[in-house]
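Peer 1: Got a predicted structure here, sequence first:
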Amino acid sequence: MKLILRWFSGGDDSVTLQQIKQIPGIVGVATSLSDVPVGEVWPLERLIALKEEIATAGLEVEVIESVNIHEDIKKGLPTRDRYIENYIKTLANLSIIEIKCLCYNFMPVFDWIRSDLAFKLADGSSVMSYRQEEVLRMNPLNMAESMFSKAKGYSLPGWEEERLAAMARDIEYYQNVTVDQYWANLQYFLDAVLPYAERYDIKMAIHPDDPPWPLFGLPKVITNAENIRTFLALNDSPANGLTFCAGSLGANLDNDLPAMAKEFSARGRIPFAHLRNIKRLSAQDFDESAHPNSYGDLDLFAIIKALHDTGFDGYIRPDHGRMIWGEEARPGYGLYDRALGITYLYGLWEALTKLQC
Ligand code: DNO
């Protein structure tokens, strides 16, 4: 198991590699070239420079989060082949800098959604929160504006400009796409890309839909155990895996996360885990919370134990943290609370390992 932290390259992060290096337990970062427009090939020379910059700080980069998927692929348009070809060329370049795991998502139009990026808790910390009614009241086209108003000037991963420009047209388009068609579009992508991922020794790790239920008439597929089984059955390649995102899957009350972690890790299909906690307020409302068990409703101990028991040897990163101690940073991605989160995860893992001996 390797503990890593997400870091935004190109000067787009308030957290430095040197600070990350000082956190106990951390060996590397998950990062991306977020300024390359979706659908274009990631230039090799930039990847080499990125790896060098990270290595100079004494850290590894074996995980990319994310190479986003062009909407034409998700829509299943004839133009998708050109973008899939570019995706494969990017995979080839990633293999040259020895990337081992690629986190991506297949969410239509939006990536993750929250109704508030800085919801104040009683102790003065702030968290990202989700209220279903508020989201439904928002015109989806105003969603970006609302998300950005609290982003403190930072870019938001998954909310890139080119995505936003086409949002109205895309939402309209998906109203006529059935879930079955959407699965077929995902399978088409997997069948094309996975043979190359295998050849390049890169594990593809799909991120669950966040939140894991349908919104605005958009098809959502990576939401629960049954759908993840369907996903894995679309293509049986060992490179076809899951980013086990506890916070995303955990928003659905019916998801038994330790059981899911156990099942999919035992099958060797979890190359990457995002571990964070949430406090559920109702079936479709939640606040993100501090990582330890007693602060949220997810049993991170049981989840990490399920991974440990099944010989998990992938990557783990803490996920969104609260904003504490007056920190000003990209929502969810400050230094302080994620560092606390890592230390907690590191301690749980160490205890489990010692108990086993
Ligand atoms: C949000 C992240 C997501 C994730 C993508 C993966 O903070 O968890 O944006 O990186 O869905 O493609």
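Peer 2: Structure's in. What do you need?
Peer 1: ranges for the strands of the stretch 51-200 of the chain?
Peer 2: 60-65, 101-105, 116-120, 126-131 (DSSP state E, counting those that start in this stretch).
Peer 1: Same list (the ones you listed) but as CSV, adding distance to residue 83, mean neighbour count and mean pLDDT.
Peer 2: Bear in mind the C-beta positions are built from the backbone N, C-alpha and C, glycine included. Below are the strands of the stretch 51-200 of the chain laid out as CSV (distance: least, Cβ to Cβ, whole Å; neighbours: other Cβ atoms under 10 Å; pLDDT from 0 to 100):
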stretch, distance to residue 83, mean neighbour count, mean pLDDT
strand 60-65, 17, 23, 98
strand 101-105, 13, 24, 98
strand 116-120, 30, 17, 94
strand 126-131, 30, 22, 97
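Peer 1: Any idea which of these gets closest to the ligand?
Peer 2: strand 101-105 (3.6 Å; Cβ to the nearest ligand atom).
Peer 1: Alpha carbons only: can I get the closest one in PDB?
Peer 2: This file holds the C-alpha atoms of strand 101-105, laid out as PDB (Å, rounded to 0.1, in the frame of the first residue of the first chain):
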ATOM      1  CA  CYS A 101      -2.700   3.900 -12.200                       C
ATOM      2  CA  LEU A 102      -5.000   6.300 -14.000                       C
ATOM      3  CA  CYS A 103      -8.100   7.600 -12.200                       C
ATOM      4  CA  TYR A 104     -10.900   8.800 -14.500                       C
ATOM      5  CA  ASN A 105     -14.600   9.200 -14.400                       C
END
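Peer 1: what's that strand in contact with?
Peer 2: With Cβ atoms under 8 Å, 6 or more residues apart in numbering as the test, strand 101-105 has contacts from 30, 62-69, 91, 94, 111, 158, 197, 202-209, 222, 243, 271-272, 314-315.
Peer 1: for stretch 288-296, same thing?
Peer 2: Against stretch 288-296 from outside (Cβ under 8 Å, 6+ apart): 127-129, 247, 275-279, 299-301, 318, 320-322, 332, 337, 340-341, 344-345.
Peer 1: again, only this time at 6 Å
Peer 2: Outside stretch 288-296, the residues that touch it by Cβ atoms under 6 Å, 6 or more residues apart in numbering are 127-128, 277-279, 299-301, 320, 341, 344.
Peer 1: likewise stretch 341-357?
Peer 2: Counting by Cβ under 6 Å, 6+ apart, 23, 25, 275, 291-292, 301, 304-305, 308, 318, 321 sit against stretch 341-357.
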